[in-house]
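Undergrad: I'd like to go over a predicted model; first the sequence, then the structure.
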Amino acid sequence: MAFWQQGQLNGFARLRSLAQSRRWRDRNLARSRLCGSIIALTGIAVLIGWALDLALLKSILPMWVSMKVNTALGFLASGASLYLFCLPRRRRHHTWMATGLGGLVIAIGGLSLVQYLLHVDFGIDEAIFLDNTAAVGTANPGRMAANTAFNFILLGIALTLFPNRRSPVGLVQGLTLAFGTIAGLGLVGYAYNTSQFYGFGAYTQMAVHTAIAFFYLSIGILLARPNRGIKAIITSPRAGGIMARQFLINGSFVLLALGWFVLMGYRHQFYASEVGLALFAVSSVLAMGATILWGAKSLNEAEAHRERAEDNLKRLYHDLEGKVIELTETNERLMQETRDRQRAEAAEAQLQQALKTLQSTQLQLVQSEKMSALGQLVAGVAHEINNPINFIYGNLQPAQEYTDSLLAGIAAYQRCYPDPPTDLVEEIEDLEVDFIAEDLPQLLNSMKSGAERVREIVRSLRNFSRLDEADYKAVDLHEGLESTLSILGHRLKSRPDRATIQIQRNYGAIPAVECYPGQINQVFMNILANALDALEERDQHRSFGEQKADPSVITITTELQEDRWARVSIADNGLGIDEGARSRLFDPFFTTKPVGKGTGLGLSISYQIVTENHNGQMMCTSQPGAGATFILDIPIKRALVAVPLDA
């Protein structure tokens, strides 16, 4: 457990170190961009000084060496190259530009150095501005110092290799330290008034602001890669970095300062050279001792800071561990509550489904009982009507024959006795025998037509009730449709305020369908009754003339689908159904009719009959103002229900 805790602490420390390293790198890149900007601006300032002949910008002091024009151009190119490389969102074209500027710096330094080595003049020294032939520390007018040219070559190579991350970091930093050291020697030479440090013999000398610019550039390049190579050691926030900064930077400056003071005392003859040397040695020992003590103090402070950070991390870890345990317990409790809630919701859903199923079953039972009672009533009425109507219909033919015989006998008597007695003539006229002879056959024909209509209605009622066909039977769907239309015939006829509702039959050749005939007839009845309601509602808002011009029509279409399904489509040209109502048509108790006119059960029960009892499909297509179409797909054979039919 302790080993695991230590690993966790080390992990936190690594994360913190990584975050600090990123912030450290971003700050150093910003410093490098600042260095590049300052160097580029220095080059621009010197060029302005040459253009306006300002000694302050060219040489700082009149008796100091001036920075040459090519040197200013080299610093402008190198500063811009460093700035482009250190951009926070550097693009590929920025890298190409930085590399190209580095190559330009190499060219400037290389051409100048070749002129010294081969004793030639390419004419580049005074290509832009002319230099004074008597300028301080200048052997060739306008030409940069040899050490300056060499530094530009080292600087250009470093800038060219710098953008490539696969380049050896040690080589780049070595080149940077090399030209930085040469620049530092120049600065020391100016501080100690030793011209050999910033010039060689009779050649042109390095200007003081040239040395400063080179030294500043070396710092900027090293800061751009603070986490690699020598710079990583010097800039590290760890103990090694602190020690390196104390001894290398502070110690170097202290020793250089002590040497300067000793040299100035010797030059002003405050003491002899032996005394000055001893004084420098003693001062160096004291300075190094102070530097060591200062470094030790910094190391102790860093160690104390690290120990405090580790203590804080341990405390934070223990607090975090307690929070994790608390969160784990809370999470487990929440998960248990979630599981309990899910089980409760599942149980509630099951109860709701069971209640819905119970209500649906109850509705079906009630509807089945109503339809059964209605079927029995219809069957009983049909049976009671059927017997006397059959008796009447069966006796109409003999009555017709007897009537014809009697009328033939009367006609024969009138031919044989054209002049009967007066009393008989008056009796015949009172009886209106001629009218009876003309009207009685028509009366019998009317009775026969009425009896045939009654027999047709009785047959439709018997077909609709189908009490003797409760099981699956192969029946003709057209017969069920016609029986339903016969029962609803009174609603199709015209009325004083409404024209006749037309029926269009597009019956196809479909075989007998295995189904529950009574249930299918019930579906036909519900759909056709709803279609009639929709058409009557439409006609309420139209005049009789509009109804005659655009009559209300119910179109019934039957066809065979894929040799396995019988499709029945019942369409009307009523007001149509909107999308919101159409999506709920088959929900129990949903209705668009006024209160008291519809229960919302007809289509729901019809849907269950088709889909559940017959494994078929029932759908509705409609648009407001374009009527509605109900489509029934019923399997022809009871076994052919495995593959659904695409509508």
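TA: Thanks, I have the structure now.
Undergrad: For residue 619, which three-state class applies?
TA: Using DSSP: H, G, I helix; E, B strand; the rest coil, the structure places residue 619 in strand.
Undergrad: what's across from it in the sheet?
TA: Going by DSSP bridges, residue 619 is paired in beta bridges with residue 631.
Undergrad: What's the local residue count around it?
TA: When neighbours are counted by other Cβ atoms under 10 Å, residue 619 registers 15. C-beta coordinates here come from the backbone N, C-alpha and C atoms, glycine included.
Undergrad: Just the strands from this protein, written as ranges.
TA: Counting by DSSP state E, the chain has strands at residues 473-475, 502-506, 513-515, 553-561, 565-572, 617-622, 628-635.
Undergrad: Pretty sure residue 528 sits against residue 484.
TA: Yes. At 5.8 Å, residue 528 counts as touching residue 484 under the criterion of Cβ atoms under 8 Å.
Undergrad: State the distance from residue 141 to residue 320.
TA: 72 Å (Cβ to Cβ, to the nearest Å).
Undergrad: what sits against residue 149?
TA: Residues near residue 149 by Cβ atoms under 8 Å, 6 or more residues apart in numbering: 108, 109, 110, 112, 113, 116.
Undergrad: The residues you listed: which two are farthest apart?
TA: The largest separation in the contacts of residue 149, counting by Cβ to Cβ, is between 108 and 116 at 13.6 Å.
Undergrad: neighbour count winner among these two?
TA: Of the pair residue 108 and residue 116, residue 108 is the one with more neighbours under other Cβ under 10 Å, namely 25 against 19.
Undergrad: Need the per-residue pLDDT for that one.
TA: If you check residue 108, the pLDDT there is 90.
Undergrad: Please work out how many residues are found near the nearest residue to it once chain neighbours are set aside.
TA: Leaving aside its chain neighbours, residue 108 sits nearest to residue 74 (4.6 Å; criterion: Cβ to Cβ, 6 or more residues apart in numbering). Neighbourhood size, residue 74 [other Cβ under 10 Å]: 32.
Undergrad: Tell me who's in contact with residue 636.
TA: 510, 511, 512, 513, 514, 560, 563, 564, 565, 566.
Undergrad: Over to residue 625?
TA: By Cβ under 8 Å, 6+ apart, residue 625 lies in contact with 575, 576.
Undergrad: where are the low-confidence patches of the stretch 501-647 of the chain?
TA: Applying pLDDT under 70 to the stretch 501-647 of the chain flags residues 582-602, 639-647.
Undergrad: what about the residue of the chain most remote from its centre, distance to residue 406?
TA: Within the chain, residue 421 marks the point farthest from the mean C-alpha position, 112.5 Å out by Cα atoms, centre = their mean. Using Cβ to Cβ, residue 421 is found at 21 Å from residue 406.
Undergrad: can you tell me which residues contact the residue nearest to residue 108?
TA: 43, 105, 108, 109, 144, 152, 155.
Undergrad: And for residue 571, the neighbour number?
TA: Residue 571: 20 surrounding residues under other Cβ under 10 Å.
Undergrad: Kindly report the same for residue 120.
TA: 10.
Undergrad: just to revisit the earlier point, in the contacts of residue 74, find the pair that's most separated.
TA: Pairwise over these, using Cβ to Cβ, the maximum falls at 43 and 109, 14.0 Å.
Undergrad: Would you mind telling me which of these two has the busier surroundings?
TA: Between residue 43 and residue 109, residue 109 has the larger neighbour count (other Cβ under 10 Å), namely 27 against 23.
Undergrad: Please look at the more buried one and residue 158 and confirm they touch.
TA: No. Under the criterion of Cβ under 8 Å, residue 109 makes no contact with residue 158, lying 11.8 Å away.
Undergrad: and stretch 223-242, what's its mean pLDDT?
TA: Averaged across stretch 223-242, the pLDDT comes to 63.
Undergrad: Can you add distance to residue 210 and give the contacts of residue 149 back as a markdown table?
TA: Listed next are the contacts of residue 149 as a markdown table, based on distance: Cβ to Cβ, whole Å:
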| residue | distance to residue 210 |
| --- | --- |
| 108 | 13 |
| 109 | 12 |
| 110 | 17 |
| 112 | 13 |
| 113 | 15 |
| 116 | 16 |
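Undergrad: quick one: which of those is nearest to residue 326?
TA: Of the contacts of residue 149, the one sitting nearest to residue 326 (Cβ to Cβ) turns out to be residue 109, at 67.1 Å.
Undergrad: if I look at the nearest residue to the closest one once chain neighbours are set aside, how far off is residue 220?
TA: Nearest non-adjacent residue to residue 109, counting by Cβ to Cβ, 6+ apart: residue 152, 2.7 Å away. Look at residue 152 and residue 220: by Cβ to Cβ, they are 15 Å apart.
Undergrad: Of those two, which one has the most company?
TA: Regarding residue 152 and residue 220, a neighbour count based on other Cβ under 10 Å identifies residue 152 as having more, with 29 against 26.
Undergrad: Residue 150 reaches residue 112, doesn't it?
TA: No. At 9.2 Å, residue 150 does not count as touching residue 112 under the criterion of Cβ under 8 Å.
Undergrad: higher neighbour count, those two?
TA: More crowded of residue 150 and residue 112, by other Cβ under 10 Å: residue 112, with 27 against 18.
Undergrad: Tell me the spatial nearest neighbour of that one, not counting adjacent residues.
TA: When the adjacent residues along the chain are set aside, residue 112 lies closest to residue 149, with 3.9 Å between them (Cβ to Cβ, 6+ apart).
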